[in-house]
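>>> any chance you could fold what I've pasted below:
(2 chains)
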Protein chains: 2
Amino acid sequence: MDSQILRQRRTIRKYKDKDIPQSLLNSLLQTAAQASTTGNMQLYSVIVTRDAEKKKALAPAHFNQPMVTAAPVVLTFCADFNRFVKWCELRNAKPGYDNFQSFLTATLDAVIFTQQFCTAAELEGLGICYLGTTTYNPDMIIKALSLPKLVMPVTTITAGYPDDMPQQPDRLPSCAYIHEEQYNDYDGKAIDSLYAPKEALPENRGYVEENGKETLAQVFTDIRYTKQNNEIFSVKFLETLKSQGFDF
Amino acid sequence: MDSQILRQRRTIRKYKDKDIPQSLLNSLLQTAAQASTTGNMQLYSVIVTRDAEKKKALAPAHFNQPMVTAAPVVLTFCADFNRFVKWCELRNAKPGYDNFQSFLTATLDAVIFTQQFCTAAELEGLGICYLGTTTYNPDMIIKALSLPKLVMPVTTITAGYPDDMPQQPDRLPSCAYIHEEQYNDYDGKAIDSLYAPKEALPENRGYVEENGKETLAQVFTDIRYTKQNNEIFSVKFLETLKSQGFDF
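Model prediction:
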């Protein structure tokens, strides 16, 4: 067994009309729970959505991306200090986890758990897709899934049996993200050379043209991930974080 | 190939005196880069530390845990919007990524990348350990590794060939962290039953006794993860985040 199999993976957005058995799903989540976790506290929870009505309730939080209602299973992964704090309170211990650092710790735990689940699922022939919209609309997700205080949704996965085998997307050359001994900052020439292959891809040239932009970077800044949206979603996330009890 | 191999993993804190070849390390990081990333932006960087002096410079940030200087390789994984923003600026695109939401997005990207690296490394016979101290002392790490603005360290891994085969740690029963359709909050009885096996473990009973505590939960709240430290590290992290250019 070697790691080459992970090199072949791709995100799957179209799924067969076939359920993931509950026993398989639970087993994969148990496997994921063997991944690293801070101080063995397991500061995460996952909410499994299979019910069609529940998927419909979640969909608006994810801007009605069709995968949310079409996938057999939607998994919402949460940073969770609620369980641990309840344990402390029942054991005459005074918890101090209603702060930003604790949220961050639980977020790392939750993402490690999520990614290990994804890999376990892929090794069993399932396909997954991350929904980055989770951090845009945490308030809607909290409501839809009845998340109590000290529980914050951090990411969402759709999962199912693949009904599509898309091409692997391009990635930057590894010298873009690997730094030896210290951070080697990029000059203009380095940026040009790292991003040239991506900019030359026909599909990326297509996006630039379709959107009437001059450059691929403008497709990101003006359409996909705008300053205005980022700022609105920053405020909303921080407000929601505080109202969930992680204060700072 | 199935996912059972991930079930067998364990964290490794003791390493053989044997280097990880650079070609293997780079190949594993390239494999990790095939994991999901927001909008294919790859909002992460990793700094590879092999040099003994550089390890010594990092060690205090990690409270001088011996692994930092003893491991053949220390990898600091960062949320990185610097590279992407430089690209935007060179392409007549106005980036809006100096905010909290963008930091959070890059953090998720970085942790997904980290965890996929860990799994790839373990599949090749390496052992890894996460250092949660990274978010306590980001300022010291930024200085030691010359991280520019819009780059925040989020987690650190030590890696090497295992020189130890510790027991797998216990984990909570899966019903502790899996919720069907909505969050099912815990009553006292549920907490008692979920945590009883952990509390009964001889090593955990040992920790309680050694530290003169009444309960295992008190070992966490009074010694390992105290309110006072969490609050100090919250303030420090948020200040560092702002001084790195992620403002809010």
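
>>> could you pull out the strands for chain A?
A:44-49, A:73-80, A:127-131, A:151-160, A:178-180 (DSSP state E).

>>> show me the longest helix that occurs in chain A.
Looking across chain A with DSSP state H, the single longest helix is helix A:100-123.

>>> and that helix, what's buried?
Using 16 or more other Cβ atoms under 10 Å in any protein chain shown as the test for burial, helix A:100-123 gives A:100-123. Heads up, the C-betas are built off the backbone N, CA and C, glycines and all.

>>> ok, and of those residues, which contact chain B?
A:100-102, A:104-105, A:107-108, A:111-112, A:114-116, A:118-121, A:123 (Cβ under 8 Å from any Cβ of the partner chain).

>>> what residues of stretch A:12-32 count as buried?
A:Ile12, A:Arg13, A:Lys14, A:Tyr15, A:Ile20, A:Leu25, A:Ser27, A:Leu28, A:Leu29, A:Gln30, A:Thr31, A:Ala32.

>>> what residue lies at the spatial centre of chain A?
In chain A, the residue lying closest to the centroid (Cα atoms, centre = their mean) is A:Thr155, at 3.7 Å.

>>> that one against A:Tyr130, yeah?
Yes - look at A:Thr155 against A:Tyr130 with Cβ atoms under 8 Å: they come within range, at 6.1 Å.

>>> what angle sits between the longest helix of chain A and strand B:127-131?
Angle, helix A:100-123 to strand B:127-131, by axes from the mean of the first three to the mean of the last three Cα atoms, to 10 degrees: 150 degrees.

>>> average pLDDT across helix A:100-123?
For helix A:100-123, mean pLDDT rounds to 98.

>>> go on, stretch A:38-52?
Stretch A:38-52 shows a mean pLDDT of 98.

>>> can you give me the end-to-end distance of it?
35 Å (Cα to Cα, to the nearest Å).

>>> related to what we said a few turns ago, near chain B, which of the buried residues of stretch A:12-32 show up?
Applying Cβ under 8 Å from any Cβ to these, one finds that A:Leu28, A:Leu29, A:Gln30, A:Thr31, A:Ala32 fall near chain B.

>>> need those in CSV (columns: distance to A:Gln218).
Output for these, formatted as CSV (distance: Cβ to Cβ, whole Å):
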residue, distance to A:Gln218
A:Leu28, 40
A:Leu29, 41
A:Gln30, 45
A:Thr31, 42
A:Ala32, 38
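
>>> contacts for stretch A:114-122?
By Cβ atoms under 8 Å, 6 or more residues apart in numbering or on different chains, the residues outside stretch A:114-122 that reach it are A:6, A:9, A:28-29, A:31-32, A:34-35, A:46, A:75, A:77, A:127-128, A:130, A:154-155, A:157, A:159, B:3, B:6, B:35-36, B:111-112, B:115-116, B:119.

>>> how distant is it from the center of its chain?
How far stretch A:114-122 lies from its chain's middle: 12 Å, per Cα atoms, centre = their mean, to the nearest Å.

>>> for the most far-flung residue of chain A relative to its centre, give me its contacts.
Residue farthest from the centre of chain A, counting by Cα atoms, centre = their mean, is A:Asn92 at 35.3 Å. Contact analysis of A:Asn92 by Cβ under 8 Å, 6+ apart lists B:Glu214, B:Thr215, B:Ala217, B:Gln218.

>>> can you give me the helices in chain A?
When secondary structure is read from DSSP H, chain A shows helices at A:4-7, A:22-32, A:52-58, A:66-70, A:82-90, A:100-123, A:138-145, A:188-200, A:202-210, A:216-219, A:227-243.

>>> can I get the second one as PDB, trimmed to CA atoms?
Once side chains and other backbone atoms are set aside, the C-alpha atoms of helix A:22-32 remain, and they are given as PDB (Å, rounded to 0.1, in the frame of the first residue of the first chain):
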ATOM      1  CA  GLN A  22     -25.600   3.700   7.600                       C
ATOM      2  CA  SER A  23     -23.200   1.000   8.900                       C
ATOM      3  CA  LEU A  24     -20.600   2.000   6.300                       C
ATOM      4  CA  LEU A  25     -20.900   5.700   7.000                       C
ATOM      5  CA  ASN A  26     -20.600   5.200  10.700                       C
ATOM      6  CA  SER A  27     -17.600   2.900  10.200                       C
ATOM      7  CA  LEU A  28     -15.900   5.500   8.100                       C
ATOM      8  CA  LEU A  29     -16.600   8.200  10.700                       C
ATOM      9  CA  GLN A  30     -15.100   6.000  13.400                       C
ATOM     10  CA  THR A  31     -12.000   5.500  11.200                       C
ATOM     11  CA  ALA A  32     -11.800   9.300  10.800                       C
END
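
>>> for it, packing partners?
helix A:100-123, helix B:4-7 (3 or more Cβ pairs under 8 Å, 6 or more residues apart in numbering or on different chains; DSSP states H and E).

>>> need those in JSON lines with distance to A:Lys54, can you?
Output for these, formatted as JSON lines (distance: least, Cβ to Cβ, whole Å):
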{"stretch": "helix A:100-123", "distance to A:Lys54": "19"}
{"stretch": "helix B:4-7", "distance to A:Lys54": "28"}
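
>>> now list whatever residues contact both of A:Thr155 and A:Tyr130.
What both A:Thr155 and A:Tyr130 touch, as defined by Cβ under 8 Å, 6+ apart, is an empty set.

>>> now do the buried residues in stretch A:142-154.
Residues A:Ile142, A:Ala144, A:Leu145, A:Leu147, A:Leu150, A:Val151, A:Met152, A:Pro153, A:Val154 are the ones in stretch A:142-154 that count as buried (16+ other Cβ under 10 Å).

>>> which of those residues sit farthest apart?
Maximum pairwise distance among the buried residues of stretch A:142-154 (Cβ to Cβ): 17.9 Å, between A:Ala144 and A:Leu150.

>>> what about stretch A:233-242, average pLDDT?
Per-residue pLDDT values over stretch A:233-242 give a mean of 98.

>>> just the C-alphas of that stretch, formatted as PDB.
In PDB, the C-alpha atoms belonging to stretch A:233-242 read as follows (Å, rounded to 0.1, in the frame of the first residue of the first chain):
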ATOM      1  CA  PHE A 233     -19.500  37.200   5.600                       C
ATOM      2  CA  SER A 234     -16.700  38.100   8.000                       C
ATOM      3  CA  VAL A 235     -19.000  40.300  10.100                       C
ATOM      4  CA  LYS A 236     -21.700  37.600  10.100                       C
ATOM      5  CA  PHE A 237     -19.400  34.800  11.100                       C
ATOM      6  CA  LEU A 238     -17.900  36.800  13.900                       C
ATOM      7  CA  GLU A 239     -21.300  37.800  15.200                       C
ATOM      8  CA  THR A 240     -22.500  34.200  15.000                       C
ATOM      9  CA  LEU A 241     -19.400  33.000  16.700                       C
ATOM     10  CA  LYS A 242     -20.000  35.300  19.600                       C
END
